Structure formats: C-alpha cells, structure tokens
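Enquirer: Structure for the following, please:
(chains A and B)
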Amino acid sequence: MRNLFRSRIFWIAFIGCVVGLLLPLKVSGYILGLLTVAYYFGVFSMAWDLLFGFAGEVNFGPTFLIGLGAYTAGILNGYGVPVYPCIAAGAVMAVIGGVVLALPALRLRGPYFGLTTLVAVLIMMNLIVVFAGFTGGEIGLTVPDVLSVDTDTNYYIALIFMIISGAILYALSRSPVGLILQASGQDPIEAGALGFNVTKHKMTAFVISAFFSGLAGALLVFYMGTASVGTLVSISVGVQVIIAAVLGGRRTIIGAAIGSIFLIAAGEALRPFGELSTFIVSAVALVVILFVPSGLLGILTRRGEHA
Amino acid sequence: MLALQILVDGFAISALYALGATGFTLIFGVSGVLNLSHGALMVLGAVAAWAATNELHVGAYLAALFGIAVTLIGAFATYFVVVRPLQTSRAIPKEETEIFVLTGTLLWGIMIQELIAYFFTDNAKTVLPVVEGVVNILGVRTPQNEIFTAIICWVGIGVLWLIVNKTRSGKAVLAASMNPRGVTLLGFELSRIYIAIWAIYGVLAGIAGVLLGMFLGVSSYSAGPLTGSAFSIVVLGGLGSVSGSLVAAYVVGYLETVTAYMINPAYRFIPALLLLVVVMYVRPQGLFGRR
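Expert: Numbers count the residues shown, from 1 in each chain, chains lettered A, B, ... in the order given. Coordinates of the predicted model:
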C-alpha cells in the first residue's frame, strides 16, 4: 500500500481523476460530450493494453469485441429489452465471442494471432452489411433508449466507468497474474517451464479484455443512441484504439486512457485545420513513436521510478 | 458464356492482385516488415499518374512512368523515415519492433492518404489508359486495357523472378530471406539488400497502382482495402513466399469474381475472408509458407 502512494503513476491518475470529477463545473457541455466518448475509448485502449502490453499478444481486432458488445446490446434493445440487461448481454456476448476467437487463435504464434483477429473484424464488417435488416447495415442501428439525456450524468457514468475499469485492470496488471502474463508474453517457453499454464493465462487476459471492451461498447451505444460500422467496428476505429495505447505508453494501462483523451482532444484542437487535422494527429503520433517509444506516460515518469 | 466472362475478368484482376502482393511479401520475407502503408503507396502512384495527365498534360506513357517514379520515392521515404529508424532505435525492445513498425507504417499510410485527399480531393480518379479499344476473346468483349494489365503484371513478375534467381544481387536477396546472418557473414551489406528490396517494392507497387488506376480507378479511400487485400493474399499464400502469393492472388481474385457474378457483388469479399479464417486455423503458415 505504501508503494502505491509513492508511485508516480498513482498520483498522475489521482490528479487526473480529481480534475475529471470537477470538470463539469467549469467547461461547456460540448467539451463534456467529447470527453465522454474519449473515456469510453480509454477503456477500449486499456483493455487492449492488457492483452498487448502484458500478454504480448497483438490484437488487431479490438473492434471485433467492441462491436459484438455494442451490436448485441443495440439489437436486443430494439426488441424492447431494458437498457441495463442489454448492456450485461453485450458484455457477455463479447466474452463468448472472445473465447470463440481466442480458443483456436491462441494456438497460433506471433503475427498469426494478430492476423486472425484482423480477419474477424473484416468478416464482422461484411456480415453487418449483409444482415442489414437486423443491424441497420451501412446506415447504422438506431437504439430506442439512451443512458440519460443529461450531459453531466452521461459524463459521470463514463468517467466513473473508466476509473473503475482502469483501477481493476491496473490492479490486475500489478498482481501475480499480471506478472505471469508478462512472463508468458516475453518468453512463453520459459514461463511454461516454470510451471505456469501460459495458454490459460493468456485466455484469461483475453476474456478480461473482451469483457471490458464489450461493456464499454454497449455503454457507448446507449450514450450515442446509434451503432454504426464507421464509429464502432471499422479498422480505423481499431487503429485509433491501438495508437492511443502505444501513444500513451504501452504496458502502463493508465497511459492508454491518457492516450485516448489526448487523441480526441488533439483532433478537436486541430479542427481549424479542417481536412489536415487527421494528417497532423497521425504525424504527431508518428513522431512520438519514433522519438519517445515509451509514450506520453513514459515522459512523465521518466525521471522517476521504472514502474 | 458467364463462365468465360468470369475466367477472363478474374484473370486480369488476379494478375493485378498478384503484382501488388509480390513486393509486399518480398519485404516481409527479407526483413520481416509488414508495410501497412502499402495501399497508400499504390494510390499515391495512381494519383500521381492521374495528376500528370490532367494537370501537366503529358502523354499516357509518360504519366504512367511518373506515377511509378513517385511511388518509388514514396517507398524509399517509408523505409528511411519510418521503418529504418524504428528498427534501429535503441529505445524499442527487439521483440516489440514488429508492432512499432506496424503502427508506424500505418500512421505513415494515413498521412499519405490524407495529403492526397487534401490536395486532390477524395473523388475517384481514373488514369488515362495506355491502350484503348475492345477485343473479342471467345465471345467475351474484353477491353484491351484489361489484357494489357494482365500482360504487364506477368512480365513484371517474370522480370522479378529473373532478377531474384539469376543475378548476383538477386541471389543475395533470396539468401537474406532465408538466413540474414549467413548473408552478412558472407560479406554482403544487409542494409544494401534492404535498400534493393525497397527499390524493387517501390517499382512493383507503382506499376500495380498505376494499372489499378487505369483498370478500376482509385480514390484515397482505396488505400485501406488495398492494404487489406494484399495482406490477406500474402497470409493465404504464406508470409514471405512469393510463389504462394501468386497462387493466393488467383484464388482470391477468382473467388471474388465468381461471388460477384454468381451471387451478389455486395458479398464479393466474404468468401475469401472465410477461406482465410479456415486457412488460419488449419494451416496458419499459409498454403506455401514456412513456419
């Protein structure tokens, strides 16, 4: 416990949370709306970082899990199921989908695991368009219910959800299970020789990652009131999740959330540049990757500990 | 009649896929780099050729050459600005280089794509074809441009085969893909080999891009799907296996054409993806890949 209070990451996260909680007193609803989305993306990125940073598996298809959660929740809601059971169903469905995807995929080594997850996303995108009757196809699915109509309430739901998810994921990454995961990611043969069931641990990581991705996806649907391929499932959304995690600092969990907020804030700040804003965001991200590969959190904690 | 139509159309599109994927797989085989800016570089070549005819008013041949040259420059820029600094960076652990190169090339590709969209809009552009007219092959009306595309693609692949198998530097490239350390011990400069393959890659991607621009037309939106299709072909054929990619390009090309003609053009990409998943599970190293 004492370690926790001395760790720089803890204080950065703590200050961030306090600022986040006080923000609605100061800033406009528009900015709160942006941040709400950023927080859900933060959870996507943190869940991705657990899998990549710790289990060492590159999941190119975070949006497969997000999309499963989002569309399950959205479609069920269309049949009159209330909001909260829908969200639970979305999370469960993402876990099931994660297991189905991971069971065979985790047998594969190196880039092949990543490729399988990428293909899963491509198939999902195609199926959504094919079964347009259920899913709304390319136009998108309109969800009858929303979490709340009040901006502040929505903001707090997203913020608290992100803080809780982040705390759980961070604690997990620092727990013995997290250490075993890290060992399995770096040298699976040696970790196996030490008596740890590598596949079981990676599977656990995948299931946890799927759970949080699906849950966040389902919540995001009920925040936005719609689900569409372009906002939740497409490769570019997945890319944004990955860039956020790498940008914020991989293997830190908290960094992933910082990266997501930074990306959305940067996209907004660069809006005056119009069409060039995506170019500038990509260029900045590339510069960070080239010159500060340990990410934004790496800069903040550089002179401190090596957490 | 329909079967013939599929046969002819599928042949040309498959040849184009094959040429596009060959350079992609060559780079992976030799240096372990999956270049996710591939689609953007192809679009860059096509748009450069389009701009050369429409803004500078040069002839079709010159425009095509200009497009290829621009892609070549783009490929070198990718290597020297993104890939090489990431590979040699001391701050990045060896086992994570791969994901950094993937993320880096992806960002690079997005940057190219956005610049193209900014300067030339994201409307679809069709490059002026080098040959025009229509011929009749066994009762199928075929644009001569389609035949030209298939021929150029196969000539390109043939020349690549000759270079890799018959010339000294080509053999060094081949050897580097089998055992980089062995090649270094034999006194070959590995960085020179890398530059050579990026040059080959640039030319191949440029030709494929310009031909695609003549054949189907491109827009900056095409970059993602183009990378995706090269990716799936290369995985299907086996990462790093050039002959595997050629076979896979035809499998994917024909699967897509058959689906588009027989079932529904909207389902065009699905069977190839399902095949890809099956191959991943049953034979993850691809049809012709080595582990």
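Enquirer: in chain A, which spans are strands?
Expert: Assigned by DSSP state E, the strands in chain A fall at A:141-142, A:226-227.
Enquirer: does chain B sit close to the longest helix along chain A?
Expert: Using DSSP state H to define each element, chain A has its longest helix at helix A:198-224. No - judged by CB under 8 Å from any CB of the partner chain, helix A:198-224 stays clear of chain B, getting no closer than 15.4 Å. All C-beta atoms are positioned from the backbone trio N, CA, C, and that covers glycine.
Enquirer: now that helix, how far from the chain's geometric center?
Expert: Put simply, helix A:198-224 sits 8 Å off its chain's centre (CA atoms, centre = their mean, to the nearest Å).
Enquirer: which secondary structure elements does it contact?
Expert: Helices and strands touching helix A:198-224, by 3 or more CB pairs under 8 Å, 6 or more residues apart in numbering or on different chains; DSSP states H and E, are helix A:29-49, helix A:62-78, helix A:83-105, helix A:151-174, helix A:176-186, helix A:188-193.
Enquirer: Pull the contacting residues for the residue in the stretch 51-200 of chain B positioned nearest to chain A.
Expert: Closest to chain A within the stretch 51-200 of chain B is B:E114: 3.9 Å, counting by CB to the nearest CB. B:E114 makes contact with A:275-276, A:278-279, A:282, B:220, according to CB atoms under 8 Å, 6 or more residues apart in numbering or on different chains.
Enquirer: pLDDT weak spots in the chain?
Expert: Assuming you mean chain A. A:1-6, A:109-111, A:302-307 (pLDDT under 70).
Enquirer: should've been chain B
Expert: B:289-291.
Enquirer: which residues of it fall in strands?
Expert: Going by DSSP E, chain B shows strands at B:134-137, B:140-143.
Enquirer: Identify the residue spatially nearest to the residue of the stretch 201-307 of chain A found nearest chain B, adjacent ones excluded.
Expert: Closest contact between the stretch 201-307 of chain A and chain B, by CB to the nearest CB, is at A:F279 (3.9 Å). Spatial nearest neighbour of A:F279, chain neighbours left out: B:E114 (3.9 Å); criterion: CB to CB, 6 or more residues apart in numbering or on different chains.
Enquirer: Can you give me the neighbour number for A:V92?
Expert: The local packing of A:V92 (other CB atoms under 10 Å in any protein chain shown) involves 18 other residues.
Enquirer: which ones are touching the closest residue to it other than its chain neighbours?
Expert: Excluding its sequence neighbours, the residue lying closest to A:V92 (CB to CB, 6+ apart) is A:G214, at 7.6 Å. A:G214 makes contacts with A:65-66, A:68-70, A:72, A:90-95, A:97-98, as judged by CB under 8 Å, 6+ apart.
Enquirer: Tabulate those (a markdown table), appending distance to A:I12.
Expert: Below are the contacts of A:G214 laid out as a markdown table (distance: CB to CB, whole Å):
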| residue | distance to A:I12 |
| --- | --- |
| A:L65 | 27 |
| A:I66 | 26 |
| A:L68 | 32 |
| A:G69 | 29 |
| A:A70 | 30 |
| A:T72 | 35 |
| A:G90 | 31 |
| A:A91 | 28 |
| A:V92 | 33 |
| A:M93 | 34 |
| A:A94 | 29 |
| A:V95 | 30 |
| A:G97 | 34 |
| A:G98 | 30 |
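Enquirer: which one of the residues you listed is nearest chain B?
Expert: A:G97 (13.7 Å).
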